[in-house]
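Enquirer: requesting a structural model of the entry that follows:
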Amino acid sequence: MVLLLKKEEVTFPMDEQAVMSFRDVVKVYPLPAGDVTALDGVTFLVDRGEFISIMGPSGSGKSTLLNLMGCLDTPTSGDIFISGTRIGDMTDAELTNLRRDRIGFIFQYFNLFPLLNAIENVTFPMMLKSGKNVDTKKAHDVLHAVQLEEQFYSHTPTELSGGQQQRVAVARALINDPDILLCDEPTGNLDSKTGAGIMDLMTELNRNGTTIIMVTHDPNIAKYSNRTIRIADGRIVE
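Expert: Numbers count the residues shown, from 1 in each chain. Alright, predicted model coming up:
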């Protein structure tokens, strides 16, 4: 099948269900002591609605892979497509819009704004997208969906537990209805009980159709996903 794309996009044959496609992706970092190849010919597809975990030892290329998936970097060679859009030829402004509109990010350390309350943190991506107009009702709905009690909506991050902060971070990632949810060690800063609660939430989001790609070092957390991509020395090994 051939997708018909917008003017700034390209035509590329791919599965119509794929929300992400890597084809022979190489990432090389030039250093004074010699070039370092962080990714070496990586190829894979992510179908809509999948829940994928990415695992590998330290230095295997996980962080580089995550940065490329999140359009925070571009490959040295090869092609990356997000929802049919090739990122290699896009401008910085177009990449910013792609990240804002199609990709949600969840980080290990929450990355919430300390001076904003839960509602304000969640609606911040909406403000970036539409200016000053934000839909606080939608923020309430999303916070309710991630099971944060309404009494905490006016609290700042320092007034919330780690698990509550991560729920706010999940809600913020979902507020613009992204095609893909990227998670970088989402339970790495939580105790095991709280982490299990967050993973149950992620599983429910996936059941409702959210595509999730999660980097983790914990095999018990990886079991929540439907497929595991293992990477070593910049290559997918299985």
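Enquirer: low-confidence regions, this protein specifically.
Expert: 1-17, 131-132, 238 (pLDDT under 70).
Enquirer: just the helices in it please.
Expert: 62-69, 92-102, 118-130, 136-145, 162-174, 192-207, 219-222 (DSSP state H).
Enquirer: ok, residues contacting the first one?
Expert: So the one you mean is helix 62-69. Identification of contacts with helix 62-69 by CB atoms under 8 Å, 6 or more residues apart in numbering yields 20, 22, 25, 27, 38-39, 42, 54-56, 73-75, 80, 103, 180, 182, 184, 213, 215, 231, 234. Quick note: C-beta positions are derived from backbone N, CA and C, even for glycine.
Enquirer: put the buried members of those into a PyMOL selection.
Expert: To isolate the buried ones among the contacts of helix 62-69 in PyMOL, judged by 16 or more other CB atoms under 10 Å, type:
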select buried, resi 20+22+25+27+38+39+42+54+55+56+73+75+80+103+180+182+184+213+215+231+234
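Enquirer: out of the contacts of helix 62-69, which sit inside strands?
Expert: 20, 22, 25, 27, 38-39, 42, 54-55, 80, 103, 180, 182, 184, 213, 215, 231 (DSSP state E).
Enquirer: for the spatially most central residue of the chain, list the residues it contacts.
Expert: Among the residues of the chain, L182 comes closest to the average C-alpha position under CA atoms, centre = their mean, at 1.5 Å. Counting by CB under 8 Å, 6+ apart, L182 makes contact with L66, M69, G70, I103, G104, F105, I106, I213, M214.
Enquirer: now G104
Expert: R172, A173, L174, N176, P178, I180, L181, L182 are the contacts of G104 under CB under 8 Å, 6+ apart.
Enquirer: top of the residues you listed by neighbour count?
Expert: R172 (28 neighbours; other CB atoms under 10 Å).
Enquirer: excluding its backbone neighbours, what's nearest it?
Expert: Nearest non-adjacent residue to R172, counting by CB to CB, 6 or more residues apart in numbering: V122, 4.8 Å away.
Enquirer: my guess is the one you found meets A145, correct?
Expert: No - applying CB atoms under 8 Å as the test, V122 and A145 come out as separate, 11.0 Å apart.
Enquirer: who has more neighbours out of the two?
Expert: For the pair V122 and A145, the greater number of neighbours falls to V122 (29 against 16), based on other CB under 10 Å.
Enquirer: for that one, give me its contacts.
Expert: A139, V142, L143, V168, A171, R172, I175.
Enquirer: what residue of this protein is the furthest out?
Expert: A33 (32.3 Å).
Enquirer: could you measure from it over to R167?
Expert: 44 Å (CB to CB, to the nearest Å).
Enquirer: pretty sure I221 contacts L190?
Expert: No - with contact defined as CB under 8 Å, I221 does not reach L190; the gap is 10.5 Å.
Enquirer: report the two of the contacts of G104 separated the most.
Expert: R172 and I180 (15.0 Å; CB to CB).
Enquirer: what about stretch 42-60, how long is it end to end?
Expert: Stretch 42-60 has an end-to-end distance of 12 Å (CA to CA, to the nearest Å).
Enquirer: please apply the same query to stretch 101-119.
Expert: End-to-end span of stretch 101-119 (CA to CA): 19 Å.
Enquirer: tell me the one of the contacts of L182 nearest G197?
Expert: If you rank the contacts of L182 by distance to G197 using CB to CB, I106 comes first, at 14.1 Å.
Enquirer: contacting residues around that closest one?
Expert: Residues near I106 by CB under 8 Å, 6+ apart: Q166, A169, V170, A173, L181, L182, C183, D184, P186.
Enquirer: swap in D40?
Expert: V26, D233, G234, R235.
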